[in-house]
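>>> would you be able to build a 3D model of this:
(one chain, ligands or ions: 1)
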Amino acid sequence: MVNSINDVRRDFPILNQRVNDERLAYLDSAATAQRPQPVLKALMHFYEHDNANVHRGVHTLAERATADYEEARQKVQHFINAASPNEIIFTKGCTDGLNLVAATYGEQNIHAGDEIVVSIMEHHSNLVPWQQLAIKKHATLKYIGLTSDGELDMAAARKQITDKTKIVAVTHASNVLGVVNPLKQLAQLAHQHGAVIVGDGAQAVPHMPVDVQNLDVDFYAFSGHKMMSPMGIGVLYGKADLLRTMPPYQYGGEMIGEVHRSQSTWANIPFKFEAGTQNVAGAVGLGAAIDYLQGLGMANVQAHEQSLVNYLLPKLEALPYVTVYGPQNPRHHTGVIAFNLAHLHPHDVATALDMDGVAVRAGHHCAQPLMEELGVVATARASFYIYNNQQDADQLIKAIKETKEFFNGGTF
Ligand code: PLP
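Residues are numbered from 1 along each chain as shown. Here you go, the predicted model:
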C-alpha cells in the first residue's frame with residue numbers, strides 16, 4: 001500500500017488504460033470512485049476465506065463473517081466519530097438511508113401543517129423522499145436558496161426555519177456547485193426551533209474529515225461507492241436516542257426480537273433497521289476503503305483535491321466560452337466543478353471529451369430544481385479524487401479547447 005497521496009495511482013489498475021487511444025483521465029468520481037487494490041483484495045479475501053451469513057450461525061465461518069461485519073461497523077463509527085457502533089446502520093447507499101429516515105422518523109413525526117426545509121441544491125435523493133412525505137402528510141416543503149455567488153443563503157435559512165419546522169434536510173457538500181454547506185450552523189438553527197437535521201454526506205465523507213458529533217447532526221447518510229468501496233453498501237448514522245424511538249423500516253429476518261402468531265418485537269439498534277441478509281462483503285470493502293483513506297489522512301485528501309481545484313479553476317475561467325457554476329473562489333470549492341461550453345449541449349461536450357480520453361458527467365446530476373435555479377437544463381461536471389493529478393486537469397483543458405475547435409470550427 002502507498003504512503004503518500006502523490007503515488008496512489010499505482011493502486012488503481014483501472015486508471016492504467018487507454019480510452020479512444022488516449023490516456024484515461026477519470027474525472028467522474030462524484031458519480032462513483034474507482035477502487036484501489038487493497039479494497040479489491042479485501043473482497044477476494046472475504047470470499048476466499050470467511051464468506052458466510054452473519055449473526056445467525058455458530059460455525060467458525062459464520063463467526064468470522066460476523067466479526068468482519070461488526071469490525072466494519074466500528075471502522076465507520078470511528079471514521080465519522082459517532083458515539084457508538086449502534087448508531088451506524090448499514091444501508092444500500094445514501095438514497096436508501098435518506099428514504100429510511102423519511103419512512104420511519106418522518107412517517108412518525110410529520111403531521112398536517114408541519115414544515116420540512118431543504119435546500120435548492122439537493123440531490124433528488126435528499127429531496128423527493130421529503131417532497132413525497134410532505135404531500136402525503138399535508139405538510140409544507142420549503143426551500144433555502146442560493147446567494148449570488150452560488151453558496152447556501154444562510155440569511156434565507158434563518159427565515160425559512162421556524163417553529164413549524166420539524167425536519168431540515170441539507171446536503172453537506174453539493175454534487176454540482178462544489179460548495180460545502182455550514183451543516184453545524186444549520187444544526188444549531190434546526191435545534192433552536194425543535195427540529196431535527198438530516199445531513200446528506202454523499203459528497204462530503206469521501207473527501208474531508210467528518211465528525212458527526214461535532215456537527216451535531218441527528219441523521220447523516222452516505223454511500224460507500226463514492227469512497228472506493230463496492231456499490232450497494234452505504235451508511236446511515238442516527239443518534240441512538242432517536243433511532244430507539246423509530247419504527248422499523250422493513251420487516252423480516254434479522255430485525256426481530258421475537259415473532260409470535262399475532263405480534264412481534266424488534267431487535268435492538270442498529271439491527272432493527274437491517275432486515276434480511278445484508279451486504280457483508282460490501283461492508284468489508286467499505287472497512288478496507290476507510291483503512292485506505294485513513295492511511296492517507298483525510299486532511300491530506302482534502303488538501304490534494306483543493307490543490308487540483310486551485311490549479312484547474314483559473315484555467316477554466318480563463319476560457320471566455322466556458323461558464324463555471326458555483327463559487328468562483330477556489331477556496332470555497334470542493335473537487336466538483338460544473339461547467340458549460342457556450343451553447344453546446346453538455347452531452348455533446350462529454351462525448352467529445354471522451355474522444356480525448358476524458359471521462360466527465362453530463363446531465364442534470366439528479367438536481368433538477370437546482371438546474372432550474374441556474375437557468376440551464378444540464379451541465380458537464382468534472383470531479384477530482386485522490387488519484388487525479390495536474391496531468392488530468394491539463395488533459396481536460398486541452399480536450400475542451402479541441403472540442404471548441406471541433407464544433408463550429410471554433411467560431412464561438
Ligand atoms: N446525495 C448526493 C449529494 C449525491 O451526489 C448522490 C449521488 O450522486 C446521492 C445523494 C445518492 O447517492 P446513491 O445513488 O449512492 O444512493
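
>>> alpha carbons only for contacts and neighbour counts from here, please
Noted.

>>> what is the rounded mean pLDDT of stretch 262-271?
Across stretch 262-271, pLDDT averages out at 98.

>>> contacting residues around the residue nearest to N51 when sequence neighbours are not counted?
Closest residue in space to N51, ignoring its immediate chain neighbours: A65 at 6.0 Å, by C-alpha to C-alpha, 6 or more residues apart in numbering. By C-alpha atoms under 8 Å, 6 or more residues apart in numbering, the contact list for A65 reads F46, D50, N51, A52, N53, V54, V280.

>>> residues in contact with the second one?
Taking C-alpha under 8 Å, 6+ apart as the criterion, D50 is in contact with L61, A62, R64, A65.

>>> can I assume the first one is in contact with N51?
Going back to what we said before, that points to L61. Yes - counting by C-alpha atoms under 8 Å, L61 does reach N51; the two are 6.6 Å apart.

>>> next SSE downstream of the helix or strand that contains the residue nearest to N51?
Per DSSP states H and E: A65 is located in helix 60-79. Sequence-wise, the next helix or strand downstream of helix 60-79 (DSSP H and E) is strand 88-91.

>>> and that next one, how far from the chain's centre?
14 Å (C-alpha atoms, centre = their mean, to the nearest Å).

>>> so between L61 and N51, which is more surrounded?
Neighbours were counted for L61 and for N51 using other C-alpha atoms under 10 Å; N51 has more, 20 against 16.

>>> per-residue confidence for that one?
97.

>>> contact partners for it?
N51 touches L61, A62, A65, A281, counting by C-alpha under 8 Å, 6+ apart.

>>> now do the phi/psi pair for it.
With angles defined as degrees, to the nearest 10, N51 sits at phi -60, psi 120.

>>> and for Y26?
According to degrees, to the nearest 10, Y26 has phi -90, psi 100.

>>> hang on, the earlier thing: for the ligand, state which of the contacts of N51 is nearest.
A281 (16.8 Å; C-alpha to the nearest ligand atom).

>>> what's the local residue count around the nearest residue to the closest one once chain neighbours are set aside?
Excluding its sequence neighbours, the residue lying closest to A281 (C-alpha to C-alpha, 6+ apart) is L43, at 6.2 Å. Number of residues near L43 (other C-alpha under 10 Å) recorded here: 22.

>>> distance check, L43 against V284.
Relative to V284, L43 is positioned 7 Å away (C-alpha to C-alpha, to the nearest Å).

>>> ditto for G106
30 Å.

>>> so which of these two has more stuff around it?
V284 (27 against 21).

>>> those strands in the stretch 151-300 of the chain, which residues are they?
Here the stretch 151-300 of the chain has its strands, by DSSP state E, counting those that start in this stretch, at 165-171, 196-200, 219-223, 234-238, 256-259, 264-266.

>>> how about the ones you listed, which one is nearest the ligand?
Per C-alpha to the nearest ligand atom, nearest to the ligand of the strands of the stretch 151-300 of the chain: strand 219-223, 4.8 Å.

>>> so who does A134 touch?
When contacts are taken as C-alpha under 8 Å, 6+ apart, A134 is in contact with I110, E115, I116, T140, L141.

>>> so what's the fourth one up against?
With contacts taken as C-alpha under 8 Å, 6+ apart, T140 has the following neighbours: G113, D114, E115, I116, A134.

>>> same list, those, but only the ones touching the ligand.
Among the contacts of T140, not one lies near the ligand by C-alpha under 6 Å from any ligand atom.

>>> who wins for neighbours among the residues you listed?
Neighbour tally across the contacts of T140 (other C-alpha under 10 Å): the maximum, 27 neighbours, falls on I116.

>>> what are the ranges of the helices in the stretch 101-250 of the chain?
107-109, 128-137, 154-160, 183-192, 212-215, 240-245 (DSSP state H, counting those that start in this stretch).

>>> can you add mean pLDDT and give those helices back as CSV?
What follows is those, written out as CSV (pLDDT from 0 to 100):
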stretch, mean pLDDT
helix 107-109, 98
helix 128-137, 98
helix 154-160, 98
helix 183-192, 98
helix 212-215, 98
helix 240-245, 98
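
>>> OK, contacts around K92?
Applying C-alpha under 8 Å, 6+ apart, the residues near K92 are S223, G232, I233, G234, V235, N279.

>>> what does this structure have sitting close to the ligand?
31, 93-95, 123, 125, 171, 174-175, 200, 202-203, 223.
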